[in-house]
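*Asks:* Coordinates only, no sequence provided:
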């Protein structure tokens, strides 16, 4: 059998034909890729070049080991197989490229281990394409859009694999080599066993041509759709955000003090996104895992993270087209993204916890909100709370001097400067002012009295932590609140901060700087239970379920301490909801989200309460005043009063705590 | 179009606990926080939207004290091009007529096509706009809920009348309009915007520049004098409706009809 390079294709030698084809294909790809890189150069800075070893570790975990794929078992398993297949076949594909130019690229001896592995790999990928297409066409999981593009891409890869099988199989039939049993190559080899040499030769050449044509077509077609992630995912994951719970600075490389002189804040034009965020738009594979987990999407708000990414990407394609001139004139906010969409996010992070490619959403949403705020486009219902936060340090417009009123009759001592208490309880606004939530503050006070003896509060000197002020895009106001609190905390001389509000917890931990160690009350409780400082009475026969607050669980990884505390109650039955831990379903959002009137079919809280009822719980335990607010409201809206109650973990522990006089307590 | 908006700094009812002072002659002002009167904020937004459509600039003016510069700067952060603070010991204690006279004198220092006020101040009597129009001999319309510029000299406006219905009027420029809340969605002014507006110039005027007004203004010329404050006694407690969801809804509709909440 002739070599490919020396064969003649329509009067042209193989070598000439394939040298041209390969060069053309590569040139096209380089040109397209260069055009695709253009918006990244026009974008904002983003400092992602630190911690190379950590980043490499994440590449190994999330890229090479496909860490998050098995979270969706069927699609995940399929993706793992296809990904592994591609990795195995990559070397072979390059060898095949060379084969068109020179015979030197034909392996001297075939039939080794690699050949067997890659033959099976190609077969598995081929079968996966059929299975994946079948899934999309017949089973139609709700999270997939009906995309002809996806089917076309699956078909292209199937063609590529089939061409590979034909190419190798026809050669095997000619040389009487036996390929790995039941592989695609083997099947072809078996069926061509008695074919004539001329026929085999033609099939072999035809298959090579088909393989190379589909290979380069695929290479150049991928940057126009979801398959671009094949190229970009490695970079997206390497440059992914390392720390959780934080929000990106307004502008990388611009000091906070200089922000007042920056002409425009946040994202208003596409180029206001950072290059990494633009890379994210390319990388999104439209798999829909994020949307399936997104609570805003679930209740019919006009937001789905996946749609957000795909809209951004399509705009990017129109704005920076490969061939034609840019079609400008579309407004980023208004035409591409709607204001409602941008405000609908509760920053719960469910999408980011799910995305196999570590695409970032919260920072993009916050940046868009910063742009809207800067243009004066805050939702009307937020104007008053924001103004009150500015003048009174809380969103309710209550007097500063009333902030510590809840503490009357408790052991909490307002700190006054020098020395101060070792432990500072940071209550934050809703717990300080809302009559219902003050019960959490008093429960915390009794728990801290038990485990610490004495502790302090900032009282009238405390301001809102500003956590959600920042996440709603009002960066300057956030900084004012943070600076005020930071100074008060430093002046208090506190060596440790405890809070029962996960939003304050997250802010103090991640948004504030140079703070003493911060602890959530559930951690204090778990520690107290383990050390024996807290002894709990047996329960009343309720069935508990624990609702993970987003800013305690997903954003800070505190999942077990609250559960340890509940399980320390003798005889307490605890069930898990289907959506728990890092898949917890947001209650509706805290801070300013309480004041935002979203367009939605149903409240997130109502969904959540129904999930608890499905799990068989009668009491929902949470560890966040906003969750408690939303869930207690939702119980009423869902008509589950009398069947379901909600309680904060601190309240529950306070209720079940043995009195100090009782002999078991000491 | 050159638009003047008259604004006032008032204690924000939503953010203060209003208490009487010991003498009962005023409210306790020690811990109050202030903001621009809500209706005035809508008037400024409306002015900005009009100049956004037809061109021109917006000037905000207030009669008050040094601290009132804050609200001017907040309105300038929204987009008002000029701010004027009218502040003089001689003007202190003016009644509505006195304030209107001061504003009239200010209006005559420049040329304005349109003068807007809020429908009423949180702590005011809804009188300055009408008096100002009368003193200037300009047409006046109150409770305005929409403004449309027809041509250079005419506006088409809508006014709210009892029961939520609207009247449409044509009104010649220059004129004075008092703007109802809800006419638009005022833009948000963030802390950054206010800080950026901190360095903008605000013109200050006093009695010498506005001498004309002196015969009406100040405590000695006030014909309406505040003599007392009182806090209304707490009313009867809330009424809890009981029954099934449908029954409660039925009773609520009944009650709203009886009390005039529904037409």
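*Replies:* Right, received. Where do you want to start? What you see is a predicted model, and the numbers here were worked out from it, not measured in a lab.

*Asks:* Could you find the residue nearest the spatial middle of chain A?
*Replies:* residue A:352 (0.6 Å; CA atoms, centre = their mean).

*Asks:* close enough to count as contact, it and residue A:362?
*Replies:* Yes: the pair residue A:352 and residue A:362 qualifies as a contact (CB atoms under 8 Å) at a distance of 6.5 Å. Backbone N, C-alpha and C define where each C-beta goes, glycine included.

*Asks:* and the residue nearest to the centre of chain A, what is it in contact with?
*Replies:* A:290, A:358, A:359, A:360, A:361, A:362 (CB atoms under 8 Å, 6 or more residues apart in numbering or on different chains).

*Asks:* helix or strand for it, which one?
*Replies:* helix A:350-354 (DSSP states H and E).

*Asks:* pLDDT averaged over that helix - what is it?
*Replies:* For helix A:350-354, mean pLDDT is 97.

*Asks:* In chain A, what residue comes closest to chain B?
*Replies:* Across chain A, the shortest distance to chain B (CB to the nearest CB) belongs to residue A:376, at 3.0 Å.

*Asks:* which residue ranges form the strands in the chain?
*Replies:* Here I'm looking at chain A. Using DSSP state E, the strands of chain A run over A:8-9, A:12-13, A:413-414, A:423-425, A:456-457, A:496-499, A:518-520, A:543-546, A:573-575, A:619-622, A:645-648.

*Asks:* meant chain B, my bad for not saying
*Replies:* Using DSSP E, strands in chain B cover B:2-6, B:9-11, B:34-36, B:57-63, B:82-86, B:114-118, B:140-151, B:154-160, B:166-172, B:175-179, B:203-205.

*Asks:* before we move on, back to that, what would the contacts of residue A:352 look like in CSV with neighbour count, pLDDT and distance to residue A:643?
*Replies:* Output for those, formatted as CSV (neighbours: other CB atoms under 10 Å in any protein chain shown; pLDDT from 0 to 100; distance: CB to CB, whole Å):
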residue, neighbour count, pLDDT, distance to residue A:643
A:290, 26, 96, 33
A:358, 20, 97, 40
A:359, 28, 97, 39
A:360, 18, 97, 40
A:361, 23, 97, 35
A:362, 23, 97, 35
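
*Asks:* and which of the residues you listed is nearest to residue A:429?
*Replies:* residue A:362 (21.7 Å; CB to CB).

*Asks:* Need the pLDDT of the closest residue to that closest one other than its chain neighbours.
*Replies:* Leaving aside its chain neighbours, residue A:362 sits nearest to residue A:347 (5.0 Å; criterion: CB to CB, 6 or more residues apart in numbering or on different chains). Residue A:347 is assigned 97 on the pLDDT scale.

*Asks:* what does residue A:324 give?
*Replies:* At residue A:324, pLDDT is 79.

*Asks:* Over to the one 3 residues further on?
*Replies:* Note for residue A:327: predicted pLDDT of 72.

*Asks:* my guess is it meets residue A:317, correct?
*Replies:* No: under the criterion of CB under 8 Å, residue A:327 is not in contact with residue A:317, lying 10.2 Å apart.

*Asks:* Name the residue in those two with the higher neighbour count.
*Replies:* Between residue A:327 and residue A:317, counting by other CB atoms under 10 Å in any protein chain shown, residue A:317 is the more crowded of the two (17 against 10).

*Asks:* Contacts only, for that one.
*Replies:* Neighbour list for residue A:317: residue A:224 [criterion: CB under 8 Å, 6+ apart].

*Asks:* In the chain, where is pLDDT below threshold?
*Replies:* Assuming you mean chain A. Residues of chain A that meet the criterion pLDDT under 70 lie in A:1-2, A:107-111, A:416-421, A:660-666.

*Asks:* nope, chain B please
*Replies:* Applying pLDDT under 70 to chain B picks out residues B:213, B:263.

*Asks:* mind running it again at 80?
*Replies:* Chain B contains residues with pLDDT under 80 at B:24-25, B:152, B:163-164, B:211-214, B:230-238, B:260-263.

*Asks:* Alongside chain A, which residues does it contribute?
*Replies:* By the rule CB under 8 Å from any CB of the partner chain, the part of chain B lying against chain A is B:12, B:14-17, B:31, B:33, B:35, B:78, B:185-193, B:195-196.

*Asks:* Just the ones in helices from the residues you listed, please.
*Replies:* Of the residues of chain B next to chain A, the ones assigned to helices by DSSP state H are B:78, B:191, B:192, B:193, B:195, B:196.
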